[in-house]
Each structure stands twice: as structure tokens, then as C-alpha cells.
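*Asks:* let's see this in three dimensions:
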Amino acid sequence: MFLMNRGAIFSENEEVSSSLHDAVGELITAIHSGDITERLVSREDRERYSFFMKALSRLKIESDTESHPPMVLKSFSPDGGTSFLITIAFKSQGVSSDQIEKIIEFHAYPDKEKFSFKSPFEYRTRALSTVTFGDVQYYYSGSINHELAQHFVSFKHQLESDLGTAKRPFQYYCFEILDELLRAYGIVYDCTRCNWLKEDLGFMDDNGSVFVTGTGNESFIFDFLVDYMSMYCDQDGDLYPPFVYGMAAYFGGYGLSGDDLQTLKAQFRDERRRNPEINFLDEYRKGRRSSIQRHFTHYVIGAFICEEVLDRHGFESVMKLARSGRDGEQFFNTLETLLGVKESDFHDMVTGQIRSE
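*Replies:* Okay, the predicted model is just below:
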């Protein structure tokens, strides 16, 4: 079912070691089947550490795939033998068994007569410094930029007001680098995150009461807004993702680069000078297949449109565009209603927007 690394033991106490052995076997079977029960991971911990649970869900093995047994690398107790931090290497499935898919650290704790598991997040972040701005408590390991933190809190309050959502206490974990974030959750290694960052730049967790970023940015509005909108404004499933990302780029700068609106406009002007034949409607329709300065073209154009609509009609009209349907079914009709721009005039509209310095 699983292997033990050379010299690795669960505990020097044979009874505890045997109990952990059985619990780990049960956990690995559940992970591979995609059916992790509440006995193994409580509902509270599932919600609190949903990012961790998503990482586990990707270890499910399809029935027709050749599987290779995971290996327990090490186990140690941080509290004198009550609970245990257990590190397990999961092999890649369907390929040679020497390739590692993920290395995950689990926090095993006694639950009645057995052991249950959770992310080691609480243990791994126990020594972080904290500071509070309004209703947002920051956790950080290096230093904190008070100006940026206060800017984020102000933006959060304004967004709550604009959307009519309830104000609530909030925790902001500002990790300096992505590796620090992943290790806090117990993701020691993940082959899918070796060369690209995916959603780890920033995301909400614990049912929206926590925001976590591995960018070292105390005001990482870009991903905060995207997740906030998805959590509180998409009950009808009508949010149009490209425009929501455009809103995020307008209010928070573009993703990891942080390029603001004027910088993005300058990049588009430069691109048009290099490629006079470019058609921004065609590029917009390409979705993720089109980028300028490594920024997805349709997101950036969404930021330009967000600025125009906000200036002319206010936030409520911005939300009308955001609610254009999952596939943007109403986007061009709503755009014409708000700005008088037909789909055939889309390219000229963008050209006019980027002309301003």
C-alpha cells in the first residue's frame, strides 16, 4: 500500500506507530480513490484549508491507470508525541515509478481511538508576525509595508460597499515567495508547480475569510478581486471571466507584473507600432491565445473598458458588463448599450483608449 523510506519510523512508541501506520494506509487509499471521508479530514479542516484539499484531489488515480505506492519519507512529533508531522512522496501514475508527483506533509492528530489529518498550516505559520489594519489582520515573515496594507484595506471596504456585501473580519497571509506559501500548506514539492505559478499568486481560503499570496505584496488586489467576485457575485453563474480579470487589472495592476493602466496602454501602443495591421477585436476573440508583453490581451482590453465605463456610468454599470454570461453572451450588446460601441467598432474603440498618455 505504501513504502517506508530507509530508517523512517512513525513513532518510537510501537502502539502509536502501529496506529499511525493504519491511519496513513487508510488516508492513502482514500486519496487515490478520491473519497476522503470526514473521519480522515474533518469538514472544518476541509473548509479552512481548501487549497490543501485541492492538491490532494489531484492525486486521485483513475481505475485504468497503473499505480505506484507512495513512500513515507519521515515522521516527527512537534509536541512530544501527541501529534505527528508526516511527509509522504506520491509517485507519478502511469509512468515510471521513479518520478515524483507531489511531496505532501500531513499533520496527524489523535481523534478518539484513531488518527485524523489536516494541513500543517497552523503549525507552519505559528511564528509569523502579525499586525492589524482596521478589520484585516496581516500575517507575514519579513517586513510589512503599512502604506500598501492600508491601501488594500481601503479597497476592500470600497468593494464591499460597491457590491453591497457584508463587511467581515479578514486575515491576509503575505508570504514573501511562492515556496514559503506552498510549504505552509504542506506542499513540499509539486511537479506541476516547478516552472509555472498557476493560482498560487493569490487566492481566498476558509470560505472567504482568508486571503493568501506568495508574491510578498500586501495589496495584491488582482487575485483578491477575482476570487471575491467569484465567491460573492456569481450565484447565478453569469460572471464573464475575461472582464472580471479586466476589472482586477484595472483596480490592482496586472497580475504578478503589477503593471498599471498607463503602463498597459503604453505596451499596447508599442505593439501597434510594431504591428500596424493588428486588429484588437480579433485579438480579443483569441482569448488566452493572444498576449502582449506576456499579458493576456483580452484581460487588458477589459481593464481599458472598465476604466471607460466606470468614468462615464459608475460601478453599477461595470457590474452589468461583468454579468455578461459565462461565455460573454451579452458582452457586446451591453457594451453597445453603455458606450454606444458596436462590435464592428471594437478595434477603433481600443485604439482610441490606448492613444491617451
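*Asks:* can you show me the strands along the stretch 201-350 of the chain?
*Replies:* Using DSSP state E, counting those that start in this stretch, the strands of the stretch 201-350 of the chain run over residues 202-205, 210-213, 291-292, 295-296.
*Asks:* do you know how far the nearest residue in space to residue 178 that is not next to it in sequence is from residue 149?
*Replies:* With sequence-adjacent residues excluded and distances taken as Cβ to Cβ, 6 or more residues apart in numbering, residue 178 is closest to residue 214, at 3.7 Å. From N, CA and C alone the C-beta is placed, and that goes for glycine too. To residue 149, residue 214 is 17 Å away according to Cβ to Cβ, to the nearest Å.
*Asks:* swap in residue 113?
*Replies:* With the distance defined as Cβ to Cβ, residue 113 ends up 45 Å from residue 149.
*Asks:* for residue 324, same thing?
*Replies:* Distance from residue 324 to residue 149, by Cβ to Cβ: 33 Å.
*Asks:* with residue 82 instead?
*Replies:* In terms of Cβ to Cβ, residue 82 sits 36 Å off from residue 149.
*Asks:* which one's more surrounded, the two?
*Replies:* Per other Cβ atoms under 10 Å, whichever of residue 82 and residue 149 has more neighbours is residue 149, with 21 against 10.
*Asks:* close enough to count as contact, that one and residue 138?
*Replies:* Yes: shown here, residue 149 and residue 138 form a contact pair, counting by Cβ atoms under 8 Å, at 5.9 Å.
*Asks:* list residues touching both of the two?
*Replies:* Common neighbours of residue 149 and residue 138, using Cβ atoms under 8 Å, 6 or more residues apart in numbering, are 131, 172, 218.
*Asks:* between the residues you listed, which is nearest residue 45?
*Replies:* Set against residue 45, the nearest of the shared contacts of residue 149 and residue 138 by Cβ to Cβ is residue 172 (20.6 Å).
*Asks:* count the neighbours of the closest one for me.
*Replies:* Counted by other Cβ under 10 Å, the residues lying close to residue 172 total 25.
*Asks:* name the SS class of it, please.
*Replies:* strand (DSSP: H, G, I helix; E, B strand; the rest coil).
*Asks:* now do the contacts for it.
*Replies:* Residue 172 touches 136, 137, 138, 139, 149, 152, 210, 211, 213, 218, counting by Cβ under 8 Å, 6+ apart.
*Asks:* among those, the buried ones, what's the ChimeraX command?
*Replies:* This is the ChimeraX syntax for the buried subset of the contacts of residue 172, where burial follows 16 or more other Cβ atoms under 10 Å:
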select :136,138,139,149,152,210,211,213,218
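*Asks:* just the ones of the contacts of residue 172 in helices?
*Replies:* Among the contacts of residue 172, DSSP state H puts 149, 152 in helices.
*Asks:* of all the contacts of residue 172, which comes closest to residue 297?
*Replies:* Nearest to residue 297 out of those is residue 213 (Cβ to Cβ; 24.7 Å).
*Asks:* what is the burial count for the nearest residue to that closest one once chain neighbours are set aside?
*Replies:* Of all residues beyond its chain neighbours, the one nearest residue 213 is residue 202 (3.9 Å), with distances taken as Cβ to Cβ, 6+ apart. Residues near residue 202, counting by other Cβ under 10 Å, number 26.
*Asks:* check the gap between residue 202 and residue 73 for me.
*Replies:* Distance from residue 202 to residue 73, counting by Cβ to Cβ: 29 Å.
*Asks:* residue 110 now?
*Replies:* 22 Å.
*Asks:* same check on residue 37?
*Replies:* In terms of Cβ to Cβ, residue 37 sits 24 Å off from residue 73.
*Asks:* compare those two and say which is more crowded by neighbours.
*Replies:* Between residue 37 and residue 73, counted using other Cβ under 10 Å, residue 73 has the larger neighbour count: 17 against 11.
*Asks:* and that one, helix, strand or coil?
*Replies:* Taking three-state DSSP, the label given to residue 73 is strand.
*Asks:* which residues does residue 292 contact?
*Replies:* Counted by Cβ under 8 Å, 6+ apart, residue 292 has contacts 267, 268, 271, 283, 300.
*Asks:* so which of those residues is the most crowded?
*Replies:* Of the contacts of residue 292, with other Cβ under 10 Å as the count, residue 300 tops at 30 neighbours.
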